[in-house]
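Chemist: sequence and predicted structure are below.
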Amino acid sequence: MLKNITNVIFIIFGLSSCPYLDRMTQPKEIVNEIVLRPRFKIELDYPIHIALGLFDEAKKNTEKFIVQCIDDHVFIKIPKEKQHFWSPQLDLEIIDKLDRTCVVHGLFGPKPSVWTLFMFIHFLVATLFIGMGVWAYSNLSLNNPYALQVTIMGLMILIWVVLYFAGRMGKEAGRKEMIQLHNFMKSTLKI
């Protein structure tokens, strides 16, 4: 239990020394983890320019995925006509190492517009929860009724739970596409 909490803390704060990152190489583990935006790391035995060249070549030769290369970042997406609301995309950052090798850091996630909407709703719910808590405490201190504020705080907790399960359902809806994106990346990098 403590190990799982530690892994979640590492992921939330983006620390790269998390043992969770090393387990994120198989698609089965990617889609079964509790996090909504799985991450992984792969070390390659060739330099960054070869890896980027492989993605440039794949961009020209595939119509099944949209591949965008910007500097050392690669974005792999599902074509618009095949996308649905929960369609994932794979964001890769390729980092050069001194010993003529490179490391690929990958992140699965929803489209940026969906992620922004989710984060905005979470921020709104958190703000309302804190505001109602302050209001309820003020009313409690003044011996005024505070049932409405506590009820709204309970509703905010319920909305958080609903948002979490909506995200899990969305991840499940994009499961096949996540595996396709991961397999495409592996076949492109020849690993």
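Modeler: Looks like it arrived, so ask away.
Chemist: which residue is nearest the middle of the protein?
Modeler: Residue closest to the average C-alpha location in the chain (C-alpha atoms, centre = their mean): Arg37, at 2.0 Å.
Chemist: how about Ile121, what does it touch?
Modeler: Ile121 sits next to Leu163 when contact means C-beta atoms under 8 Å, 6 or more residues apart in numbering. Glycine gets a C-beta too; all of them are placed from N, C-alpha and C.
Chemist: which SSE is immediately downstream of whichever strand or helix holds it?
Modeler: Per DSSP states H and E: Ile121 is located in helix 112-141. Going down the chain from helix 112-141, the next helix or strand is helix 147-173, by DSSP H and E.
Chemist: contact partners for Met185?
Modeler: 76, 90, 92, 104, 106.
Chemist: how about the helix or strand where the second one lies: buried residues?
Modeler: Assignment of secondary structure by DSSP H and E places Leu90 within strand 88-96. Along strand 88-96, these residues count as buried under the neighbour rule (16 or more other C-beta atoms under 10 Å): 88-92, 94.
Chemist: could you pull up phi and psi at the residue of the chain positioned farthest from its centre?
Modeler: Distance from the centre of the chain peaks at Asn143, with 44.8 Å (C-alpha atoms, centre = their mean). Here is the backbone geometry of Asn143 (degrees, to the nearest 10): phi 60, psi 40.
Chemist: hang on, the earlier thing: and the furthest pair within the buried residues of strand 88-96?
Modeler: Distance extremes for those: the farthest pair is Pro88 and Ile94 at 19.3 Å, using C-beta to C-beta.
Chemist: rewinding a little: okay, the contacts of Met185 in CSV with distance to Ile121 and pLDDT next?
Modeler: As requested, the contacts of Met185 are exported to CSV (distance: C-beta to C-beta, whole Å; pLDDT from 0 to 100):
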residue, distance to Ile121, pLDDT
Ile76, 27, 93
Leu90, 24, 92
Leu92, 27, 93
Val104, 31, 92
Gly106, 26, 92
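Chemist: specify the beta-bridge partners of Glu93.
Modeler: Beta-bridge pairing for Glu93 (DSSP bridges): His73, His105.
Chemist: please tell me how far it sits from Leu52.
Modeler: 11 Å (C-beta to C-beta, to the nearest Å).
Chemist: return every residue with contacts to both of the two.
Modeler: Shared contacts of Glu93 and Leu52, defined by C-beta under 8 Å, 6+ apart, comprise 72, 74.
Chemist: looking at the contacts of Met185, which one is closest to Val162?
Modeler: Leu90 (27.0 Å).
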